[in-house]
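> Predicted model follows, preceded by the sequence.
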Amino acid sequence: MKRAVAGKKKATKASAAADKAHAAAKRRAKRRPIRIGISCYAHFGGSGVVASELGLELARRGYEVHFIASRLPFRLRSFESNVYFHESSPAFYPVFDEAPSNLALATKMVEVAENHHLDVLHVHYAMPFATSAYLAKQIMLPRQLSVVTTLHGTDITVIGAEPAYFRVTQFSMQSSDRITAVSTYLKEKAESTFGATQPIEVIYNFVDPAVFTPRRRGRLSLAAPGTKVLMHASNFRAVKNIPVIIQTFAEVRRRIPSKLVLVGDGPEKAGAEQLARELGVHRDVLFLGNQDCMEELLPLADIFLLPSSSESFGLVALEAMSAEVPVVASNAGGIPEVVEHGFTGFLHDPGNVAGYVESSLKLLTNEQLRRTMGRRGRRVARERFSAEEMVQRYVRVYESLR
Ligand code: GMT
């Protein structure tokens, strides 16, 4: 009995010492800038762009940023001070159907958090990153590792809501210390679909107007003088309504000399090529494939098309606006939060080809209107979607977790 009491006292003393050490480490951490781990998809896509640009902006402000991903995110084009990259690579074993990459990512998150004393893991796209981060956080206990999850789009509107993933997406999202969404539309969608009870803060995507600038006289061009350029860029998934773009272009081209420039790749590309041939416009449709220098391409467009059936924000539309290119888009999801109908572009129901054709022709046959709308777009991009404000807001989210 006496021995049991002595053992208990010893354990209480040890745990008090651990608590003390933990509190001291916490005080030390509070005095230095927050260290942030960022996980995202590394291939082409809006969520990876936002994650990368945010990481770079944070690093320029003196924060240490550690990207943890399956490969180097494509927008991290050059070496930057304060930015580190850690590759998570799953090990394969013949028993597996496929290597469990989510577990390898969670393991890498723990390793980086321990070695570099991370305070926050900020994951972009709920699945599977919020789940890997939840695991990492639990493994790190009692050391505090906060998780911030940014919802980007189809993680909520399409794939995360699939019965095969619903409960895990819901649980992982709700277990995050903070949740942000890139538009009010997406916040409301997350609340209604997942019954999210935790507050979701809307932090819009942002653009750097010094990078996405208007067209300058230069060596690059996509069409002969007098030929108008309609552009679209995406990952060519069904939600992007690619056939509607081809149909719109076929009608526009019947009326004015024009070219359609399609940037990106994905499952809908082959069908788009076939439809362009069927409609007899294939010679005037340029498929450029994946390009990572959108800032060079967008200024070459006269208008940008985005007729998506579902779109939480439409980052590329914002980049086009910053380059003074008016946007003809759908009124789906969060697009009206970015593009104002009749002011910086025109919005129609997603499948309304006649509407897109009319608005495209309005802009392409009235250079003054096109330029006015383009200039307004750049002003809106600068004033409402500045990196300065959005990065500050993310920093406040991190600081609130200390
Ligand atoms: O392409 C991605 O990386 C993800 C993708 C998606 O389908 O979820 O993009 C979403 O995130 C972007 C960045 O926040 C938004 O600009 C896109 O609107 C959004 N895509 C959709 O909602 C379809």
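Sure, I can see it.
> interface residues of the stretch 301-402 of the chain facing the ligand?
310-315 (C-beta under 6 Å from any ligand atom). No exception for glycine: its C-beta is placed from N, CA and C like everyone else's.
> The host helix or strand of Asn115: which residues count as buried?
Assigned by DSSP states H and E, Asn115 belongs to helix 101-116. Buried residues in helix 101-116, counting neighbours by 16 or more other C-beta atoms under 10 Å, are found at 102-110, 112-113.
> Nearest to Leu72 among these?
Nearest to Leu72 out of these is Lys108 (C-beta to C-beta; 14.0 Å).
> Excluding chain neighbours, what is closest to the closest one?
Ser88 (3.7 Å; C-beta to C-beta, 6 or more residues apart in numbering).
> And for Pro326?
Met373 is the one closest to Pro326 (C-beta to C-beta, 6+ apart), at 4.0 Å.
> Can you report how many residues lie near that neighbour?
Neighbour count for Met373, taken as other C-beta atoms under 10 Å: 25.
> Neighbouring strands of the helix or strand His86 falls within in the sheet, and parallel or not?
When elements are assigned from DSSP H and E, His86 belongs to strand 83-87. Using DSSP bridges, the strands paired with strand 83-87 in its sheet are strand 64-69 (parallel).
> Could I get the buried residue list for stretch 340-354?
The neighbour-count check on stretch 340-354 (16+ other C-beta under 10 Å) flags 340, 344-348, 350, 352-353 as buried.
> ugh, wrong one, I meant stretch 369-378
370, 373-374, 376-378.
> Redo those residues as JSON lines? Include secondary structure and pLDDT.
Output for the buried residues of stretch 369-378, formatted as JSON lines (DSSP: H, G, I helix; E, B strand; the rest coil; pLDDT from 0 to 100):
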{"residue": "Arg370", "secondary structure": "helix", "pLDDT": "98"}
{"residue": "Met373", "secondary structure": "helix", "pLDDT": "98"}
{"residue": "Gly374", "secondary structure": "helix", "pLDDT": "98"}
{"residue": "Arg376", "secondary structure": "helix", "pLDDT": "98"}
{"residue": "Gly377", "secondary structure": "helix", "pLDDT": "98"}
{"residue": "Arg378", "secondary structure": "helix", "pLDDT": "98"}
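> could those residues be laid out in TSV, adding distance to His43?
Formatted as TSV, the buried residues of stretch 369-378 follow (distance: C-beta to C-beta, whole Å):
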residue	distance to His43
Arg370	33
Met373	32
Gly374	30
Arg376	33
Gly377	28
Arg378	29
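> of all the residues you listed, which comes closest to the ligand?
Minimum distance to the ligand across the buried residues of stretch 369-378 is 15.8 Å, recorded for Gly377 (C-beta to the nearest ligand atom).
> Check which helices and strands the helix holding Asn115 sits against.
Using 3 or more C-beta pairs under 8 Å, 6 or more residues apart in numbering; DSSP states H and E, the elements in contact with helix 101-116 are strand 35-39, strand 64-69, strand 83-87, helix 129-140.
> Identify the residues contacting the second one?
With contact meaning C-beta atoms under 8 Å, 6 or more residues apart in numbering, strand 64-69 is reached by 33, 35-42, 51-52, 55-56, 58-59, 73, 76, 82-88, 105, 108-109, 112, 116, 118, 121.
> Now restrict those to buried residues only.
Applying 16+ other C-beta under 10 Å to the contacts of strand 64-69 flags 35-42, 51-52, 55-56, 58-59, 73, 76, 82-83, 85-86, 88, 105, 108-109, 112, 118, 121 as buried.
> Tell me how many other residues crowd Leu275.
Neighbour count for Leu275, taken as other C-beta under 10 Å: 19.
> for it, what are its contacts?
Taking C-beta under 8 Å, 6+ apart, we find Leu275 in contact with 243, 246-247.
> Select from those residues the one having the most neighbours.
Ile246 (25 neighbours).
> Report the spatially closest residue to it, excluding sequence-adjacent ones.
Leaving aside its sequence neighbours, Ile246 sits nearest to Leu275 (C-beta to C-beta, 6+ apart; 4.7 Å).
> Now do the helix or strand hosting that neighbour, average pLDDT.
Using DSSP H and E, Leu275 sits in helix 269-278. Averaging pLDDT along helix 269-278 gives 97.
> any chance of the helices and strands packed on helix 101-116 in JSON lines, plus distance to Arg384?
Output for the helices and strands packed on helix 101-116, formatted as JSON lines (distance: least, C-beta to C-beta, whole Å):
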{"stretch": "strand 35-39", "distance to Arg384": "24"}
{"stretch": "strand 64-69", "distance to Arg384": "25"}
{"stretch": "strand 83-87", "distance to Arg384": "27"}
{"stretch": "helix 129-140", "distance to Arg384": "27"}
